[in-house]
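**Student:** give the three-dimensional model of this entry:
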Amino acid sequence: MAKQKIFSGVQPSGDLHLGNYLGAISQWVEMQEKYESIFCVVDYHAITVKQSPEELRKKIIEIAKIYIASGIDPKISVIFQQSDIKEHTELAWVLNCTSVRLSDLNKMTQFKDKAGENQENVGIGLFDYPVLMAADIILYNTEVVPVGDDQLQHVELARTLARRFNKQFGDTFVVPKPEIRKEGARIMGLDDPTKKMSKSAKSEWNYIALTDDPAKAKKKIMKATTDSDMEVKYNLERKPGVSNLLIIESLLSKTSINDLEKKYEGKMYGDFKKGVAEVVEKFLVDFQDKYNSISDDEVRGILDEGAKKIRPIAEKTMTDVRKKIGVL
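**Tutor:** The predicted structure is shown next:
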C-alpha cells in the first residue's frame, strides 16, 4: 500500500524557536517514516514583508539546516526551496482567478494580526499569501498537512479551493486534511503565556530561538512568567505559565505531564524552572552540535537535489491544470 503524502514548510524569516520545533518540525521528524514527506523552505512567503536580500539568502540556508539538524533525513524526505519550483506561483495565480473569493481572504485572522491598523498600506502579497500556501499544498497531491493549530484556517482554505476547482473543472486535486499535535501544537510565550510564542515578538524573553546560546536560554526559562500559588499543576486556564513549561519539558524529555507533576510535587517554582531549564539546555546543546556540523555547501546540494526530485510532480499537476482551464 502506497504511503500517504505530507507537505509542510517554514518561512526563512526571524529566528525559529522552540515553539516552531515542538509545534511542527519535531512532528515532521516522527512522520517521515510513515509518510511520503515533502518539506519546503517557503521563501516567497517571506517576501510578503520587506526583507534584506543578503539576510534572506542566509536565512534560507539556516532553515534548511534546522530541518536537517532536527532529524529530517534528505535520503527519505524531500527538502527544497519554494522559489526553485515556478509552478507554486503559477498555480496560486490560477487559483486566484478561478477559485478564490474576496470573502475567503477577509476571514483570514493572521492578515489582521500582521497588518494591524495599517491594512490599507501593506503589500497585497500579505493579504493573498494564504492562496500561495494553498497552491504549495495541493500542487503535490498532498493528503496530510502537519500544522500547528494557528495554521488550521489556511489548510481549510486549501481544502475549499481544491474542492471548488474540482467542481468547476473536474477531478484535479486531492483534498488535503490537517494533522495537529494535541499537546505542543501551540507553545506560548515565556513572558506572556496567554499568547503564542512568536519569532516576531518585540521582547527576546518571549521565545527561545533554536540558535540561542544554551546559557541564555536557561535564563529565559528562569525568568518565565508563572503565577503566585506555587503549585506545579497542569491547568491551561488557571495556570497557563506553569502548564506551558510542563508541556515544553514533557515534549523535550518524552515524559508524561502526570509524571512531571509527581516529580515536582512539593517543590518551589525555582526548582521547577531549574529542572525545565536543564532539559532545554541539554536539547539546545545536542541540537546545535548537529546544526553546526552541516556546511552551507551541503545544504545547497540537498535543496537542489530536492527540487530535482519534486519538479516532475509539480510540472505534471500544472500541465493538467492548464489543460483543464483551456490555456494548453
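**Student:** where does pLDDT dip in this protein?
**Tutor:** Scanning the chain for pLDDT under 70 picks out the ranges 1, 112-119, 181-185.
**Student:** list the contacts of Met197.
**Tutor:** His17, Leu18, Gly19, Ile187, Met188, Gly189, Leu190, Asn206, Tyr207 (C-beta atoms under 8 Å, 6 or more residues apart in numbering). Placement of C-beta: from N, CA and C, glycine included.
**Student:** please name the residues that touch Phe163.
**Tutor:** Check again: residue 163 is Arg, not Phe. Val175.
**Student:** just confirm Lys290 contacts Ile66, I think it does.
**Tutor:** No: contact criterion C-beta atoms under 8 Å: Lys290 and Ile66 do not qualify, at 9.7 Å.
**Student:** past the one helix or strand Tyr67 maps to, which element shows up next along the chain?
**Tutor:** In the assignment (DSSP states H and E), Tyr67 maps to helix 53-70. Using DSSP H and E, the helix or strand that follows helix 53-70 towards the C-terminus is strand 77-81.
**Student:** list the pairing partners of that next one within its sheet, with orientation.
**Tutor:** strand 36-41 (parallel) (DSSP bridges).
**Student:** please put the alpha-carbon coordinates of the strand it pairs with into CSV.
**Tutor:** C-alpha atoms of strand 36-41 as CSV (Å, rounded to 0.1, in the frame of the first residue of the first chain):
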residue,chain,number,x,y,z
GLU,A,36,6.0,10.2,1.7
SER,A,37,7.3,13.6,3.0
ILE,A,38,7.9,16.9,1.3
PHE,A,39,9.3,19.8,3.3
CYS,A,40,9.8,23.2,1.8
VAL,A,41,11.6,26.4,2.7
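**Student:** and the angle from that strand to helix 53-70?
**Tutor:** 150 degrees (axes from the mean of the first three to the mean of the last three C-alpha atoms, to 10 degrees).
**Student:** can you name every helix or strand that the helix or strand following strand 36-41 contacts?
**Tutor:** The helix or strand immediately downstream of strand 36-41 is helix 43-46, counting by DSSP H and E. Packing partners of helix 43-46 (3 or more C-beta pairs under 8 Å, 6 or more residues apart in numbering; DSSP states H and E): helix 53-70, helix 124-138.
**Student:** what's in contact with stretch 232-240?
**Tutor:** 188, 193-194, 226-227, 229, 231, 242-243, 246, 257, 260-261, 264-265, 267, 269, 272.
**Student:** and it, which residues are buried?
**Tutor:** Buried positions in stretch 232-240, judged by neighbour count with 16 or more other C-beta atoms under 10 Å: Val232, Tyr234, Lys239, Pro240.
**Student:** filter these down to just the ones in helices.
**Tutor:** Judged by DSSP state H, the buried residues of stretch 232-240 include Pro240 as members of helices.
**Student:** how about a markdown table for the buried residues of stretch 232-240, with distance to Trp93 added?
**Tutor:** Formatted as a markdown table, those follow (distance: C-beta to C-beta, whole Å):
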| residue | distance to Trp93 |
| --- | --- |
| Val232 | 52 |
| Tyr234 | 47 |
| Lys239 | 48 |
| Pro240 | 42 |
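**Student:** before we move on, the earlier item: pull out the buried residues from the contacts of Met197.
**Tutor:** Buried subset of the contacts of Met197 (neighbour count, 16+ other C-beta under 10 Å): His17, Leu18, Gly19, Ile187, Met188, Gly189, Leu190, Asn206, Tyr207.
**Student:** between those residues, which sits nearest Val145?
**Tutor:** Gly19 (18.0 Å; C-beta to C-beta).
**Student:** and that closest one, how far from Lys65?
**Tutor:** As for Gly19, its distance to Lys65 is 18 Å (criterion: C-beta to C-beta, to the nearest Å).
**Student:** again, but for Glu315
**Tutor:** 28 Å.
**Student:** do I have it right that Leu95 meets Ala162?
**Tutor:** No: contact criterion C-beta under 8 Å: Leu95 and Ala162 do not qualify, at 9.1 Å.
**Student:** in helices, which of the buried ones among the contacts of Met197 fall?
**Tutor:** Short answer: the buried ones among the contacts of Met197 in helices (DSSP H) are Leu18, Gly19.
**Student:** let me know how buried Leu246 is, in neighbour terms.
**Tutor:** 26 (other C-beta atoms under 10 Å).
**Student:** element containing it, please.
**Tutor:** Counting by DSSP H and E, Leu246 is found in helix 240-253.
**Student:** ok, back up a step: can I get the helices and strands packed on helix 43-46 in a markdown table with distance to Glu30 and mean neighbour count?
**Tutor:** Listed next are the helices and strands packed on helix 43-46 as a markdown table, based on distance: least, C-beta to C-beta, whole Å; neighbours: other C-beta atoms under 10 Å:
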| stretch | distance to Glu30 | mean neighbour count |
| --- | --- | --- |
| helix 53-70 | 11 | 18 |
| helix 124-138 | 20 | 22 |
